[in-house]
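>>> Quick one: sequence and predicted model below, then my questions.
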Amino acid sequence: MLDPGWGFGLEQYLGKPLPSSFASDIEIGVRDTFHDRVSDARCVVTPVAGELDSYRLDLTVEVDGEFLELALSMTPSGVRRL
């Protein structure tokens, strides 16, 4: 998940409201993609107050008994890791 190319596909959601299933879709995608290493994945998407179509995405993934946390900022101008 630290690969710079990870997360491609999120761009299709930039600049518009996210679907209600977005967080669970991310969790399912991570589990399916990394099923050989990932035991669990939890995603929380929070709208950024005062910023239209801007979100903070917090992802916690259990890998081989260790927890990894990843935070992303999604704004109409792009996705970046926090």
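Looks like it arrived, so ask away.

>>> Not counting sequence-adjacent ones, nearest residue to the residue nearest in space to the middle of the chain?
In the chain, the centroid-proximal residue (Cα atoms, centre = their mean) is Leu57; its distance is 5.0 Å. Spatially, and ignoring its direct neighbours in sequence, Leu57 is nearest to Leu72 (4.4 Å; Cβ to Cβ, 6 or more residues apart in numbering). In this view, the C-beta of every residue, glycine as well, is placed from N, C-alpha and C.

>>> contact partners of the helix or strand in which the residue nearest to the centre of the chain is found?
Using DSSP states H and E, Leu57 falls within strand 55-63. Contacts to strand 55-63, defined as Cβ atoms under 8 Å, 6 or more residues apart in numbering, come from residues 1, 18, 23, 26, 30, 34, 37-48, 67-75, 82.

>>> Narrow those residues to just the buried residues.
18, 23, 26, 30, 38, 41-43, 45, 70, 72-75 (16 or more other Cβ atoms under 10 Å).

>>> So which of those are in helices?
23, 26, 30 (DSSP state H).

>>> on that earlier part again, does the residue nearest to Leu57 touch Gly78 like I think?
No: with contacts counted by Cβ atoms under 8 Å, Leu72 stays clear of Gly78, the gap being 10.2 Å.
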